[in-house]
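In: Sequence plus the predicted model coming up.
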Amino acid sequence: MDIKKLVEKYKGENYELHRKYLNPFFVKVLGIIGFDVVYVRGEGPWLYDVDGNRYLDFLSGYGVFSLGRNHPVVKAALVEVLEMDRPNLVQMDCPLLAGILAERLVQVAQRSFPGLDAVFFTNSGTEAVEGALKFARAATGKPRFLHLEHSFHGLTLGSLSVNGDAYFREGFGELLPGTAIPMNDLDALERELKRGDVACFIAEPIQGKGVYVPDDDFLPGAQRLCHKYGALFILDEVQTGFGRTGKFFCGEHWGLSPDIVTVAKALSGGYAPVGAVITRRKIHRKVFRSLERAVVHSNTFGMNELAMAAGIATLEAIEEEGLVERAAELGERFMGGLKRLREKHQMVTDVRGKGLMLGIEFGPPRSLKLKAGWKSVEAVKRGLFAQLIVMGLMREFRLLTQVSAHGVNIIKFLPPLVVGEAEIDYALEALDGVLSAAHHFPGGIWGLAKDLVKGALGA
Ligand code: PMP
């Protein structure tokens, strides 16, 4: 077996293999928007394609690569673990590395949220949310879940039941009893809690889909109401955790004290699937409450050695490199630049976020000519303008970003926390360049819309 040779032999066949054996519609989408690049290497915030071109990654694998790609400290830990021939996944034992990572997670969690002292490991974000929902039912004996409009907590059926976007929910049948609350509407939340059947209210402290940031009094108020009515308050920090927003956990921005925190994504430095439910022992004991029920919730791979070693190394690297503080500082620089763009470009209607989780929203421009362009692309598909900007950033500047949710004109930026000022400035210049080009209609990025429609009709 020679993986290097295999990779060399199949080089460039990525999209054809996926078209044949995986998801042909996704392959088509990538082609249409000009994202069908053959990447062959990643280092820090950079990706390299088969022709040696360099791309700046402000998508970070949906927030996984806070440390950048192939971080040497995490890589070394993994190589060491492999060389030690460890007794992985014995199952009927207590694996050491899981114990060490749990201890470290509790230490860091307690700095943000005193009282969290018990951990359950999972293989993904959605599995952590599934666990949290089960824990909430076990702890309260109540059936219903409350979540926010626009929420995203993963796409398995439990997590889908607390999803706030019809796009993801439709077509998958009946879900668990859940009710969506508008962000910042404490009255609506209280009305639902008052019914007395609520197990928990789950929220992302900053929403990944749309980069919506709650008003300062909302989450503290929600926490208070949950406790008043005997429901658990769950913070989903899968995307916002581990320094992303300039605090170790995003809930610190509001001094929150959640009953359960879910984490995943950045915890393993992008090397291995991982996730965790972090909670209070009292709640954990409601699930694992007797000898008979000692394994009533579990999984096969949750405590695997690679994920655990990567997690330990990642926490060390975050600390060692001061990445939380760095995210706060660079976030301010980035936000300052975005605000200047809002002044300069009439189609920028809002910029928001915290640390290095930032969003830019577009709306109809004021000038008549541009308004005509805006109307014509939005008539094709809502949110298309933001997609054109994302395409322009990729095509002209090799900057990788994403439209933040379906049918919205919002772009999200999730740069690795290891970027420097130069990369932030480059991204701002790229945005300025593409937005400046959008002041000329027709032509420029507006022309890309035609390619998009042509490509889509051919699908
Ligand atoms: N919760 C949040 C807040 C997320 O952002 C995500 C992933 N985007 C998930 C849960 C689901 O994580 P995973 O994709 O690992 O299942």
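Out: Noted; the coordinates are in hand.

In: alpha carbons only for contacts and neighbour counts from here, please
Out: Fine.

In: confidence score at Gly458?
Out: Predicted confidence (pLDDT) at Gly458: the value is 65.

In: So which bits of this protein are right by the ligand?
Out: Ser124, Gly125, Thr126, Phe152, His153, Gly154, Glu204, Gly208, Asp236, Glu237, Val238, Gln239 (Cα under 6 Å from any ligand atom).

In: As TSV, these with distance to Ser376 and secondary structure would be great.
Out: Formatted as TSV, the residues of the chain next to the ligand follow (distance: Cα to Cα, whole Å; DSSP: H, G, I helix; E, B strand; the rest coil):
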residue	distance to Ser376	secondary structure
Ser124	40	coil
Gly125	38	helix
Thr126	38	helix
Phe152	30	coil
His153	34	coil
Gly154	33	coil
Glu204	34	coil
Gly208	28	coil
Asp236	38	strand
Glu237	38	coil
Val238	37	coil
Gln239	34	coil
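
In: Give me the below-cutoff pLDDT ranges for the protein.
Out: 458-459 (pLDDT under 70).

In: How is it partitioned into domains?
Out: 73-320, 323-457 (automatic domain parsing).

In: Tell me which residues touch the spatially most central residue of the chain, please.
Out: In the chain, the residue lying closest to the centroid (Cα atoms, centre = their mean) is Gln239, at 3.7 Å. By Cα atoms under 8 Å, 6 or more residues apart in numbering, the contact list for Gln239 reads Tyr62, Gly63, Val64, Gly208, Val263, Ala264, Lys265, Ala266.

In: Okay, helices next: where are they in the stretch 51-200 of the chain?
Out: Taking DSSP state H, counting those that start in this stretch as the test, the helices found in the stretch 51-200 of the chain are 60-63, 72-83, 96-112, 125-140, 157-160, 166-169, 186-194.

In: so how far is the fourth one off the chain centroid?
Out: Centre-to-centre, helix 125-140 and its host chain are 19 Å apart (Cα atoms, centre = their mean, to the nearest Å).

In: so what does that helix touch, helix or strand wise?
Out: helix 157-160, strand 198-203, strand 232-236, strand 260-263, strand 275-279, helix 281-287 (3 or more Cα pairs under 8 Å, 6 or more residues apart in numbering; DSSP states H and E).

In: for the longest helix seen in the chain, the distance to its chain's centre please.
Out: Secondary structure of the chain per DSSP state H: the longest helix is helix 323-344. The chain centre lies 19 Å from the centre of helix 323-344; the measure is Cα atoms, centre = their mean.

In: Would you mark the buried spots in that helix?
Out: Of all the residues in helix 323-344, those buried under the rule 16 or more other Cα atoms under 10 Å are 323-335, 337-338, 341-342.

In: I'd like the C-alpha coordinates of stretch 2-9 written as CSV, please.
Out: Provided in CSV are the C-alpha atoms of stretch 2-9 (Å, rounded to 0.1, in the frame of the first residue of the first chain):
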residue,chain,number,x,y,z
ASP,A,2,1.4,3.3,-1.0
ILE,A,3,-0.9,6.3,-0.4
LYS,A,4,1.5,8.7,-2.1
LYS,A,5,1.5,6.7,-5.3
LEU,A,6,-2.3,6.3,-5.2
VAL,A,7,-2.8,10.1,-4.8
GLU,A,8,-0.3,10.7,-7.7
LYS,A,9,-2.1,8.1,-9.9
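
In: my guess is Leu30 meets Val38, correct?
Out: No. Leu30 is beyond contact range of Val38, at 11.4 Å (criterion: Cα atoms under 8 Å).

In: List the residues that contact the residue nearest to Gly230 when sequence neighbours are not counted.
Out: With sequence-adjacent residues excluded and distances taken as Cα to Cα, 6 or more residues apart in numbering, Gly230 is closest to Thr140, at 7.4 Å. Neighbouring residues of Thr140 by Cα under 8 Å, 6+ apart: Ala199, Gly230, Ala231, Leu232.

In: The third one and the ligand, how far apart?
Out: Computed as Cα to the nearest ligand atom, to the nearest Å, the Ala231 to the ligand distance reads 20 Å.

In: again with the second one
Out: Between Gly230 and the ligand the computed distance is 23 Å (Cα to the nearest ligand atom).

In: Phi, psi for Glu43 please.
Out: phi -150, psi 120 (degrees, to the nearest 10).

In: which residue packs closest to it, ignoring adjacent ones?
Out: Sequence neighbours aside, Arg69 is the residue nearest to Glu43 in space, at 4.9 Å (criterion: Cα to Cα, 6+ apart).

In: just to revisit the earlier point, deepest in the core, which of the helices and strands packed on helix 125-140 is it.
Out: Each of the helices and strands packed on helix 125-140 was scored by mean neighbour count; the highest is strand 260-263, a mean of 29, by mean count of other Cα atoms under 10 Å.
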